[in-house]
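> Pasted the sequence and its predicted model underneath.
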Amino acid sequence: MDNEELTEQETALYDRQIRVWGVDAQRRLSKSHILVSGMKGTVVEFCKNIVLAGVGSLTLMDDRMVTEDSLSANFLIPPVDDVFRGKSLAEVCCDALRDFNPMVQVSVQKGDLSSFDGDFYDKFSAVVVSCCSLATKRLINEKCRKRQKRIAFYTVDCRDSCGEIFVDLQNYTYAQKRLDETIECQLQYPSFEEAVAVRWSTLPRRLSKLYFAMRVIENFEEAEGRKAGETSIADLPRILKLKKELCEEQSLNESHIPDALLERLLIGTKEHPPVCAIIGGILGQEVIKAISGKGDPLKNFFFFDALDGKGIIEDIGSISTGN
Amino acid sequence: MGSEQQLEVIKSAKVLMVGAGGIGCELLKTLALSGFQDIHIIDMDTIEVSNLNRQFLFRQSHVGQSKAKVAREAVLRFRPNINITPYHANVKGPEFNVDFFKQFNVVLNGLDNLDARRHVNRLCLAADVPLVESGTTGFLGQVTVHVKGKTECYECQPKPTPKSYPVCTITSTPSKFVHCIVWAKDLLFAKLFGDKSQGNDLNVRSSDGASSSENAEDAFERRADEDVEQYGRRIYDHVFGYNIEMALGNEETWKNRNRPKPIYSCDVLPENLSYQNGTLEKDCPNGDSSLVSAMASLGLKNPQDIWSLLENTRIFLEALKLFFVKREKDIGNLIFDKDDQLAVEIVTAAANIRAASFGIPLHSLFEAKGIAGNIVHAVATTNAIIAGLIVIEAIKVLHGDTNRYRMTYCVEHPARKMLLMPVEPFEPNKACYVCSETPLTLEVNTSRSKLRDIVEKIVKNKLGMNLPLIMHGSALLYEVGDDLEEVEVANYEANLEKVLAELPSPVTGGTVLTVEDLQQEFTCSINIKHREEFDEEKEPDGMLLSGWTQPPTTEKDNDPTLANKESTSSAAQTAVVEVDEVEIVLPSVRVDIGGAKRKLSDISSAATSAATGVVDATHSSRKPEEIEDDDNDVVVMIDGGNLGANKKKRVQ
Ligand SMILES: [Zn+2]
């Protein structure tokens, strides 16, 4: 690690957070490069958090045109037609995010995430994907894992008032602080593929029901060739049918995936701003931890449901717990 | 509840936000996105540079402007059609009375100090408006719901009180760096640059005769023809040399302690070298005195560095000189301010020189500033999460969804896999002196303590009253207010100086006092118990109030993680009170995930014993075999740290 010092301006701006994670962590943050894809409410919250935290650069991907709907949980874009007309979501978000912290380089990358070569990812310390298909998640995760350097990989999705985060830090070593002692800790993360392919019957009895429900919907979208999130309550009967099939195939009691939960996830197509803030906050914290090497990172799923208020970590697909 | 119906309730709600800081910015944004259309927001603060890393509605160009007003404008940019009413004012102001509070459906707190939190709690109780309370420190946070008669109020559980140190620890026997900081800030800095009419214990030494104390008084005055460099060295030698020398004379004190070493400036920095000290222009070129810095003129750049004794000495002398040359008009009315660079520099240097004298490890300016300014660790993400949780609870409150209210902890180390941990709210504490009418007991020496002691140390400091009135039976002993007659004011002033037993209506053992705050619409009774002696170290107030906070009963527990975590962070070992961001009081709570009701008796008040500014959560996940076992309770213990109080007066 070089000894480049923070500038006076950085020290003043980041004073309060340096008191949380220290100067070294701040220096590492300012040298990190983050890629995000899919500018929905949760990702916008995440972007705000890491731009404020002072990452080196942030690259945004989302070529979808701005619509009324895409603004429902977005505080970056004024609802004025001539501000966003003809612009992509990534473009309008970029302008606003730059404004949050002039020390962070925010830019837009056009194109289809899955079309890039592996070396495109070498530029980044962390990649966050949202609103994309099961196949794309697998693909990007594999590309990241094949690179020489470690690229932290995250997926994040919200449905109704629920959210899911997946984390893959591959082989991750960090200093774990416990009271007075510091222990070197090593974590081995499974890939996305490994984490979603675990046989359900082998998973702990009390696993978050959201894990299963999200997998059912994901599988439905893949089977039907739908885009991510392109489902509605009209699909409920067929999704329930798929759930039954999957449960039989995986020898899981159907009660682990309540119909009511699936129904909720399908009805609630609108984003819930408080949930976006919570999930975007947790994700921001995790990316900051992974880059700075400070704090215990989450392994490897996080689930939040506003209905019961629990924010739960599950470790799924690891060699040790994968049974 | 359908989402349409839910949206209607949100749209028609009128909410009051108190605080537009770290949590406030996030909260206002999330409320606006969630569809709230009538939001009132109170904040007395103006924007500072160190806010910008998390208070994302503010920009560099807003520094110095009202937080409430700038936050409103920023949110209207993405939600132009909602109503946001800002108040750049202190929530304790008379305009925010019970009637003001009554117009709201719910009050949401994003505050930074205990005092204001208690004040809002009482107004919400009096106005019968639900309150959602919150706090964050670093990665930790908490949201609670307070609904009169249904859940506990903010003050039902004891709150750690501001830590105070025995005077002699500060003046004669410091053992920790924080003691040196308190000495440098509250005694030395106040003596040199503050209001001269204020009492100051700088020269208090147990063995000191009155005459030398007289001489000491004069020592701080700069003589008419005295060169500023000479003056600096004289002050230095007086406080770090002579005073230590005098203290050493008291053998009794040092029997079981390490003897401090007197430090004289010429030993550290010989006279002939002193001209290596900074170059000094006589005038302040830009007229901006806030840019004056001893570090800058000495070429010291990194605030993280720990200076040597020589560097501290040079900073001390240089800073003192700069105050006299560049900021002479400030002298005599300065109050320590963590955002005043030169003040932080001289306090850091003085604390370090004193620490060197007492064999205490030195600290960097960055760390010293954190301790002196009671700066709370703050990050954007925790504030965002907490604000999201506040909105979720606020929506439940608007629907009267009582059974689903939760208090939620955001923890750093997950307990039972949970990063966000909801807990059913507690029922009101029947012994709470705020929301029930349980009398308090005050042990006091009625033939020695004055009414002023009760007013300042108990009624204002401990009970958090703003405009108190004290009655003994039907006799009024004390009252404040604008509408008093002159003769009444004189009368009450005279009472303040009287010993309790000698008041017109004598207060002795067995007396019941009624204390009332008309603004907070809050009354309580205090049973007076006479007691002769008090332990100076343990009861520095010379009084003991009980019935409102039980003395801390730290749970005996084998779990080592429940021990006090003094050493977690050296920069945060402060317990004195003012915080920049948010005060957080996280009690230790038994969390039953199975859903059974927890009893109030399960709460440990261990939080009150925490002397650190660090909040930490312990967790049971280190015993992974327990994770799947839902039948055991998990003890989550979060030591409450910073308590706000004494919000400093801002120099506008
Ligand atoms: Zn109460």
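Received it, and whenever you're ready, just let me know what you need.

> pLDDT below threshold where in the chain?
Picked chain A for this. Scanning chain A for pLDDT under 70 picks out A:1-4, A:320-323.

> that answer is for a different chain, and I need it for chain B
B:1-2, B:160-163, B:198-199, B:203-218, B:272-290, B:548-652.

> can you list the domain ranges for it.
B:3-160+B:380-423, B:177-359, B:440-546 (automatic domain parsing).

> and the ones you listed, which is most packed in?
Mean neighbour counts were compared across the domains of chain B using mean count of other Cβ atoms under 10 Å in any protein chain shown; the top stretch is domain B:3-160+B:380-423, at a mean of 22. (C-beta placed from N, C-alpha, C; glycine too.)

> Now the terminal residues of it, how far apart.
Chord length of domain B:3-160+B:380-423, first to last residue, is 25 Å (Cα to Cα, to the nearest Å).

> who does the nearest residue to A:L265 once chain neighbours are set aside bridge with?
Nearest residue to A:L265 in three dimensions, chain neighbours excluded: A:R159, at 4.3 Å (Cβ to Cβ, 6 or more residues apart in numbering or on different chains). Note on A:R159: beta-bridge partners by DSSP bridges are A:C162.

> Next, the residue in the stretch 101-250 of chain A that the ion sits nearest to: phi, psi?
Per Cβ to the ion, A:S161 is where the stretch 101-250 of chain A lies closest to the ion, at 30.9 Å. Dihedral angles of A:S161 (phi, psi; degrees, to the nearest 10) stand at phi -100, psi 30.

> show me the contacts for the closest residue to it other than its chain neighbours.
Nearest residue to A:S161, sequence neighbours excluded (Cβ to Cβ, 6+ apart): A:A306, at 3.7 Å. With contact taken as Cβ atoms under 8 Å, 6 or more residues apart in numbering or on different chains, A:A306 is in contact with A:161-162, A:272, A:274-275, A:278, B:392.

> do that again at 6 Å, thanks
Contacts for A:A306 were tallied using Cβ atoms under 6 Å, 6 or more residues apart in numbering or on different chains; they are A:161, A:275, B:392.

> Touching, the second one and A:C162? I think so.
No - the pair A:V275 / A:C162 is not scored as a contact, 7.3 Å apart, by Cβ atoms under 6 Å.

> neighbour count winner among those two?
Between A:V275 and A:C162, A:V275 has the larger neighbour count (other Cβ atoms under 10 Å in any protein chain shown), namely 27 against 24.

> In contact with the residue of the stretch 51-200 of chain B found nearest chain A, which residues?
Closest contact between the stretch 51-200 of chain B and chain A, by Cβ to the nearest Cβ, is at B:G138 (4.6 Å). With contact set as Cβ under 6 Å, 6+ apart, B:G138 has these partners: A:20, B:377.

> Next one: it from the ion, what distance?
In this view, B:G138 and the ion are 28 Å apart by Cβ to the ion, to the nearest Å.

> ok, now A:A53?
Counting by Cβ to the ion, the gap from A:A53 to the ion is 38 Å.

> Report how many residues lie close to that residue.
28.

> Okay, helices next: where are they in the stretch 251-400 of chain B?
Shown for the stretch 251-400 of chain B, the helices assigned by DSSP state H, counting those that start in this stretch span residues B:265-268, B:294-298, B:309-326, B:341-358, B:365-372, B:380-398.

> Compare the ones you listed and give me the one nearest A:M214.
Nearest to A:M214, of all the helices of the stretch 251-400 of chain B, is helix B:380-398, at 19.9 Å by Cβ to Cβ.

> so what does that closest one touch, helix or strand wise?
helix A:41-53, helix A:273-292, helix B:22-33, strand B:106-109, strand B:131-137, strand B:140-146 (3 or more Cβ pairs under 6 Å, 6 or more residues apart in numbering or on different chains; DSSP states H and E).

> who does the last one pair up with?
Partner strands for strand B:140-146, per DSSP bridges, with pairing direction: strand B:131-137 (antiparallel), strand B:407-415 (antiparallel).

> I'd like those strands written out as CSV, with distance to A:L52 added.
Below are the strands paired with strand B:140-146 laid out as CSV (distance: least, Cβ to Cβ, whole Å):
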stretch, distance to A:L52
strand B:131-137, 14
strand B:407-415, 18
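
> Can you get me a residue count around the closest residue to the ion within the stretch 151-300 of chain A?
Proximity to the ion, evaluated over the stretch 151-300 of chain A using Cβ to the ion, is greatest for A:P274 at 27.2 Å. By the criterion of other Cβ under 10 Å, A:P274 has 26 neighbours.

> again with the one 3 residues further on
Around A:A277 sit 35 other residues, with neighbours defined as other Cβ under 10 Å.

> Around chain A, pick out the residues from chain B.
Contact residues, chain B versus chain A (Cβ under 6 Å from any Cβ of the partner chain): B:29-30, B:33-34, B:49-50, B:52-54, B:56, B:77-78, B:138, B:304, B:370, B:377-381, B:384-385, B:387-388, B:391-392, B:406, B:408, B:414, B:417-420, B:422, B:567.

> ok, back up a step: got the helices and strands packed on helix B:380-398 as CSV, with distance to A:S115 columns?
Shown next, in CSV, are these (distance: least, Cβ to Cβ, whole Å):
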stretch, distance to A:S115
helix A:41-53, 20
helix A:273-292, 24
helix B:22-33, 33
strand B:106-109, 46
strand B:131-137, 41
strand B:140-146, 41
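
> Minimum distance to B:P262: which of these has it?
Per Cβ to Cβ, nearest to B:P262 of the helices and strands packed on helix B:380-398: strand B:131-137, 39.3 Å.

> just how off-centre is that closest one within its chain?
15 Å (Cα atoms, centre = their mean, to the nearest Å).

> That strand relative to helix B:22-33, how many degrees between them?
Angle between the axes of strand B:131-137 and helix B:22-33 is 130 degrees (criterion: axes from the mean of the first three to the mean of the last three Cα atoms, to 10 degrees).

> Kindly calculate the angle that strand B:131-137 makes with helix B:380-398.
Using the same axes, to 10 degrees, strand B:131-137 lies at 170 degrees relative to helix B:380-398.

> quick one: contacts of strand B:131-137?
B:23, B:107-110, B:124, B:142-146, B:154, B:376-377, B:382-383, B:386, B:390, B:393-394, B:582, B:584, B:615.

> Return the residues of the stretch 351-500 of chain B in contact with the ion.
Proximity of the stretch 351-500 of chain B to the ion (Cβ under 5 Å from the ion) is limited to residues B:432, B:434-435.

> Nearest to A:Q176 among the strands paired with strand B:140-146 would be which one?
Proximity to A:Q176 (Cβ to Cβ) singles out strand B:407-415 among the strands paired with strand B:140-146, at 9.8 Å.

> downstream neighbour of that closest one in the secondary structure list?
Where DSSP states H and E defines the elements, the next helix or strand beyond strand B:407-415 is strand B:418-423.

> now for that next one, which elements pack on it?
Under the contact rule (3+ Cβ pairs under 6 Å, 6+ apart), strand B:418-423 is packed against strand A:310-314, strand B:407-415.

> give the contact list for the closest residue to chain A within chain B.
Going by Cβ to the nearest Cβ, chain A is nearest to B:L420 of chain B, at 2.8 Å. B:L420 sits next to A:311, B:408, B:410 when contact means Cβ under 6 Å, 6+ apart.

> and which of these is nearest to A:Q17?
Nearest to A:Q17 among the contacts of B:L420, with distances taken as Cβ to Cβ, is B:C410, at 16.2 Å.

> who does the closest one bridge with?
With DSSP bridges as the criterion, B:C410 is bridged to B:G141, B:L420.
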